[in-house]
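# Can you look at this prediction? I've put the sequence above it.
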Amino acid sequence: MTSPIRFELIKTCKQTGARLGVLHTPHGSFETPMFMPVGTLATVKTLSPEELKEMGAGVILSNTYHLWLRPGHEIIKEAGGLHSFMNWDRGILTDSGGFQVFSLSDFRKIEEEGVYFRNHLNGDKLFLSPEKAIEIQNALGSDIIMAFDECPPYPATYEYMKQSVERTSRWAERCLKAHKRPDEQGLFGIVQGGEFEGLRRQSAQDLVSLDFPGYAIGGLSVGEPKEVMNRVLEFTTPLLPVNKPRYLMGVGSPDSLIDGAIRGIDMFDCVLPTRIGRNGTVMTSQGRVVIKNAQYARDFSPLDPNCDCYTCRNYTRAYIRHLIKCDETFGIRLTSYHNVYFLIKLMEQVRQAIREDRLRDFRDEFFERYGFNKP
Ligand SMILES: Nc1cc(N)c2c(=O)[nH][nH]c(=O)c2c1
Ligand SMILES: [Zn+2]
């Protein structure tokens, strides 16, 4: 079967092994490594599709669980699919809903057939299975859909992780069988296994044998130390096919994006830029700035003197601090715009460093300026 998703490997950085590529989708082709802004409920909070396009966003992410609950996947299908519903004509990736079940619902019962849990909005009993997760994503019409998996808590015992990985592999097979639109939507498998190299190997082998058009690495960015994430990536990405895209789920911060790219990751998503933007924290080339701090009350410089985004070209820290302190919506629009722009532009710089075979040098320079420790 021809996949609607194709990964083109352009070059590998001689200094680090990071990959420069192009992700070809039914809604356009986009360079990798890429950052995908998260639009949980069919909107990247406070930003318009036009603003996302002008900053260079290619693929955005929406959450299957949340859209299933509100407004319901049938309504979105009637609207002609998620692209039409939210007026976004570039790439869309939807996750499977499994992660939200584990992160939002305090009651849940995992069975072989699926997961029983409660609606986090009204407490109603719900059931999600591999088949249901694929049915919803088929209705949403996203370009990339994710297999239904279990993302175990961190830390988890080896015994628990082993039985979870084996079930996630069986669920992946069921997802492939349930997928009704394989020539329009690329289904990615999700590698699990926690911090256990043997289980990551088992999970990767199971999924690669099923020949997915792309692979996600799950079970990270769930509270583990950065060193654990980096170590898991070091022994997991080499298990995946070089000609398929690799997607690190739920990541992340500037340092994790750079370190993930160095370890062979092509795609990232995270709520971080809009989430911290809503409480007035911004990422800048000199590190994080908490704009509410009194020190910015008379600071008439831009959020980031090295940023050329709409926010930084037109507004000052003092003005944005005023808006945030007064709960003016325009304030979080400006911080969210800058933060998403910052991560999208960071990935542009990462791609350029790969072209010039100097991503390690770029990492060291960026970490120095941003204030990250360098080991
Ligand atoms: N950090 C993570 C974010 C996520 N959205 C997911 C997911 O959707 N599935 N599985 C995962 O392991 C996972 C991890
Ligand atoms: Zn800016």
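Yes, it's here. Remember, it's a predicted structure, so these values are computed and weren't measured experimentally. Ligands and ions are numbered 1, 2, ... in the order given.

# From the structure, what's the count of residues near the residue nearest to residue 284 when sequence neighbours are not counted?
Once its chain neighbours are removed from consideration, residue 284 has its nearest residue in residue 304; the separation is 3.8 Å (Cβ to Cβ, 6 or more residues apart in numbering). Backbone N, C-alpha and C define where each C-beta goes, glycine included. One way to gauge burial is a neighbour count; for residue 304, by other Cβ atoms under 10 Å, it gives 20.

# Likewise for residue 179?
Burial of residue 179, expressed as a neighbour count using other Cβ under 10 Å, amounts to 20.

# and if you look at residue 295?
Neighbourhood size, residue 295 [other Cβ under 10 Å]: 11.

# ok, back up a step: what's the pLDDT at the residue nearest to residue 284?
Residue 304 is assigned a pLDDT of 98 by the prediction.

# Where does it sit: helix, strand or coil?
With DSSP: H, G, I helix; E, B strand; the rest coil as the basis, residue 304 sits in coil.

# That one reaches residue 287, doesn't it?
No - with contacts defined as Cβ atoms under 8 Å, residue 304 does not count as touching residue 287, sitting 10.0 Å away.

# tell me, how many neighbours does residue 182 end up with?
Residues contacting residue 182 under the criterion other Cβ under 10 Å number 16.

# would it count as being in a strand?
No - secondary structure assignment (three-state DSSP) places residue 182 in coil, not in a strand.

# Can you read off the pLDDT for it?
98.

# what's the helix or strand for the closest residue to ligand 1 within the stretch 1-150 of the chain?
Here the residue of the stretch 1-150 of the chain nearest ligand 1 is residue 99; by Cβ to the nearest ligand atom that distance is 3.3 Å. When elements are assigned from DSSP states H and E, residue 99 belongs to helix 98-104.

# and after that helix, which helix or strand comes next?
Assigned by DSSP H and E, the successor of helix 98-104 is strand 108-110.

# Could I get the average pLDDT for that next one?
For strand 108-110, the per-residue pLDDT values average out at 93.

# cool, and stretch 150-166?
The average pLDDT within stretch 150-166 is 97.

# what's around residue 234, how many residues?
Counted by other Cβ under 10 Å, the residues lying close to residue 234 total 13.

# Where does it fall, secondary structure wise?
helix 226-236.

# Output the contacting helices and strands for that helix.
The contact analysis (3 or more Cβ pairs under 8 Å, 6 or more residues apart in numbering; DSSP states H and E) places helix 226-236 against helix 197-208, strand 214-217, helix 254-262.
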